[in-house]
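Novice: please work out how this folds:
(one chain, ligands or ions: 1)
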Amino acid sequence: MRKVIFLSIIILFNLKAYAIPAHYSKLAMTGASKPALEIGNDISKKGGNVVDVTVAIGLAMSVTNPFNASLGGGGFALIKMDKAPVRALDFREVAPLKTHPKYYLENKERSSTDGAHAIGVPGFVAGLQAMHKLYGKLKWKTLVEPAIKLAEQGFAVSGEWVEKTQRTKEKFNEYGHKYFFKNKDASYKPAEVMKQPQLARALKLIQKDASSFYSGAIAKDIVNTVKNLGGVLSEEDFKNYKVRWHKPLNFNFKGYKLYSMPPPSSGGVVMVSALKLIEELKLSKLPARSYDEYHMLAEVLKASYRGRSELADPDFAKNPIEELLSDKYIKSLAKKISVKKVANFKPVKINVKESSETTHYNVMDTNGNAVSLTVTLNGSYGSGVVSKDFGISLNNEMDDFTTKPGEPNMFGLIQGQSNNVEPGKRPLSSMTPTLLLKDDKVKMTIGAPGGPRIISSVLQVIYRNLYRDLDMDQSIQALRVHHQFLPKTTYIDKHKASPELIKNLKARGHNVEESWMARVNAIRLDDKNWLEAAFDSRGEGHYAGH
Ligand code: GLY
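Specialist: Numbering: from 1, shown residues only. Coordinates of the predicted model:
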């Protein structure tokens, strides 16, 4: 009897130990869409490599996630394949040719958040095409096919899908109502099947030739829809669209080489700055999850976000990256940070709204290859404009520019002059797809949606994992703080922080607000050469693999 009890305890212990995070031995994926990850798994089993899987997931997500991964959006990816160096792919949206720095100031009717004037030229299809061209193993046609089937046969909508779609009801143009609601504007309910034959037709055109998105019927459909609403997006804008490959930012610490996104994302710069401060201030000497540690993390973030407003599209502005990451500047910031109380900055009254309109997914194998990809429409369903013929929801990425100097954007960010609107320019982003390598092999791939809160969340998960030895899942679920320099507010995880911690931070001078955090998902190769996959319980998420 004793033996049975003992064995049961061992079994229970093992089950508990290995249930979360999930483990895989060949390939792992994390992301927001279960059907898309299942498609990725099939593609891998058919012999597809990490990039093939990434492309198939992206196209499938354009079907399941029209609010944040539509063909009408854009994003960034960090890619490590075989012996090639890590590359950063930039398929961010671009300002239309007819826009200019005073575009939103000269006409108050023009909104950078809602409707036709908010839309940048989408880069999503060009991004997937570019990575496939460089690294893909399976035929493009094979990778598009599952997304076509998913659009034709339909998929069961999630609770998040229903909630986001209902929330956009007022903002949608007539085609949003036509394609994302049942008859007479009745909403789908969670788990009901939703079909998109119009999107399947667009995907079939893309399957024949991805470039057709930029020069054929799809570009025409989007341009005509936007023109009819008074916008300036043109066919010339689509023809001009090009992805860019960048050298990623990198930083050595704790035996790893971290690679992250350079401008036009602020993610890499802010994160490397924060990691340098963590090292400089020897943060990990403080007791883990102590009041002191949370206070110092908030101060490190505040100091690191300070330089964000200096950054912009590198083709249009000289970014002071060397200065912001120089030992001299980091030491000068560190000197001002004290464990006793907050450093003082002028407050700004801003209302930061919840935002999870971006999405991130990871694909990683045990051979050291990985893609970390973040894609966005900016706001949920972006501008609310949906194209007439193909039902493609279009971004509102123009709001990531400094549209009105001195005024906060929808993330509460006060942006710099160098990030003003200019034709052909890409707006500053916070998206932070990140890879960590050892011996030229990827050991961790990580990222998140959530605007400026992406950087602070990704940073803290890496910190918990590497400095505090938590596993991938514990690192993601752990309590986080966020500070973006302005407004002068320390955001703390809603429903996770104790009243004592909040009281303690307030006593040190923090203006504390309980709020949402970015939803991280990540994969790590552990000591047993198992892929450990985990996603954030703060929202919907999934893992898959084999
Ligand atoms: N649209 C959110 C970002 O790019 O940071």
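
Novice: burial count for the residue in the chain that the ligand sits nearest to?
Specialist: Across the chain, the shortest distance to the ligand (Cβ to the nearest ligand atom) belongs to residue 429, at 3.2 Å. Every residue, glycine included, has its C-beta placed from N, CA and C. For residue 429, the count of nearby residues is 29 (other Cβ atoms under 10 Å).

Novice: list the contacts of it.
Specialist: Listed by Cβ atoms under 8 Å, 6 or more residues apart in numbering, the contact partners of residue 429 are 76, 92, 261, 264, 265, 266, 267, 376, 400.

Novice: one more time with 7 Å, if that's ok
Specialist: With contacts defined as Cβ atoms under 7 Å, 6 or more residues apart in numbering, residue 429 is in contact with 92, 264, 265, 266, 400.

Novice: can you get me a residue count around the last one?
Specialist: So the one you mean is residue 400. Look at residue 400: counted by other Cβ under 10 Å, it has 28 neighbours.

Novice: next one: the first one
Specialist: By the criterion of other Cβ under 10 Å, residue 92 has 30 neighbours.

Novice: got the contact list for the residue nearest to it when sequence neighbours are not counted?
Specialist: Nearest-residue entry for residue 92: residue 426, 4.3 Å, with adjacent residues in sequence omitted and distances by Cβ to Cβ, 6 or more residues apart in numbering. If you count contacts by Cβ under 7 Å, 6+ apart, residue 426 has them with 92, 93, 94, 264, 313.

Novice: now the two most distant members of the contacts of residue 429.
Specialist: Taking Cβ to Cβ, the two most distant members of those are 92 and 266; they sit 12.3 Å apart.

Novice: get me the contact residues on the stretch 301-450 of the chain for the ligand.
Specialist: Selection of the stretch 301-450 of the chain residues close to the ligand by Cβ under 6 Å from any ligand atom yields 358, 376, 378, 400, 429, 430, 431.

Novice: so what sits opposite the first one in the bridge?
Specialist: With DSSP bridges as the criterion, residue 358 is bridged to residue 376.

Novice: quick one: it from residue 433, how far?
Specialist: Per Cβ to Cβ, to the nearest Å, residue 358 is found 11 Å from residue 433.

Novice: between these two, which one's more packed in?
Specialist: Neighbours were counted for residue 358 and for residue 433 using other Cβ under 10 Å; residue 433 has more, 32 against 28.

Novice: once you drop chain neighbours, what's closest to the more buried one?
Specialist: Take residue 433 and drop its neighbours on the chain: the residue closest to it by Cβ to Cβ, 6+ apart is residue 372, 3.8 Å away.

Novice: and residue 497, by the same measure?
Specialist: residue 479 (6.1 Å).

Novice: show me the strands in the stretch 251-400 of the chain, by range?
Specialist: 256-260, 358-365, 370-376 (DSSP state E, counting those that start in this stretch).

Novice: export these as CSV, with columns for mean pLDDT.
Specialist: Shown next, in CSV, are those (pLDDT from 0 to 100):
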stretch, mean pLDDT
strand 256-260, 98
strand 358-365, 97
strand 370-376, 98
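
Novice: JSON lines please, covering the ones you listed and showing distance to residue 386.
Specialist: Formatted as JSON lines, these follow (distance: least, Cβ to Cβ, whole Å):
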{"stretch": "strand 256-260", "distance to residue 386": "33"}
{"stretch": "strand 358-365", "distance to residue 386": "18"}
{"stretch": "strand 370-376", "distance to residue 386": "17"}
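
Novice: mind checking those strands for the one nearest to residue 232?
Specialist: Among those, strand 370-376 comes nearest to residue 232, with 21.4 Å by Cβ to Cβ.

Novice: which other residues reach that closest one?
Specialist: Residues contacting strand 370-376 (Cβ under 7 Å, 6+ apart): 50-51, 54, 58, 68-69, 73-80, 124, 357-364, 431, 433-435, 442, 445-447, 449.

Novice: got the angle between it and strand 256-260?
Specialist: Angle of strand 370-376 versus strand 256-260, following axes from the mean of the first three to the mean of the last three Cα atoms, to 10 degrees, is 30 degrees.

Novice: so where is the chain shaky, pLDDT-wise?
Specialist: When residues are selected by pLDDT under 70, those of the chain lie in 1-19, 345-356.

Novice: and it, which residues reach the ligand?
Specialist: Counting by Cβ under 6 Å from any ligand atom, the chain sits next to the ligand at 358, 376, 378, 400, 429, 430, 431, 451.

Novice: one more time with 8 Å, if that's ok
Specialist: Applying Cβ under 8 Å from any ligand atom, we find that the chain lies next to the ligand at 92, 265-267, 357-358, 374, 376-378, 397, 399-400, 411, 427-431, 451-452, 454.

Novice: so for stretch 242-260, what gets flagged as buried?
Specialist: Neighbour-count burial for stretch 242-260 flags 243, 244, 246, 248, 249, 251, 253, 256, 257, 258, 259, 260 (criterion: 16 or more other Cβ atoms under 10 Å).

Novice: got the residues you listed as JSON lines, with distance to residue 111 columns?
Specialist: Shown next, in JSON lines, are the buried residues of stretch 242-260 (distance: Cβ to Cβ, whole Å):
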{"residue": "243", "distance to residue 111": "27"}
{"residue": "244", "distance to residue 111": "28"}
{"residue": "246", "distance to residue 111": "30"}
{"residue": "248", "distance to residue 111": "34"}
{"residue": "249", "distance to residue 111": "33"}
{"residue": "251", "distance to residue 111": "38"}
{"residue": "253", "distance to residue 111": "42"}
{"residue": "256", "distance to residue 111": "43"}
{"residue": "257", "distance to residue 111": "42"}
{"residue": "258", "distance to residue 111": "37"}
{"residue": "259", "distance to residue 111": "36"}
{"residue": "260", "distance to residue 111": "32"}
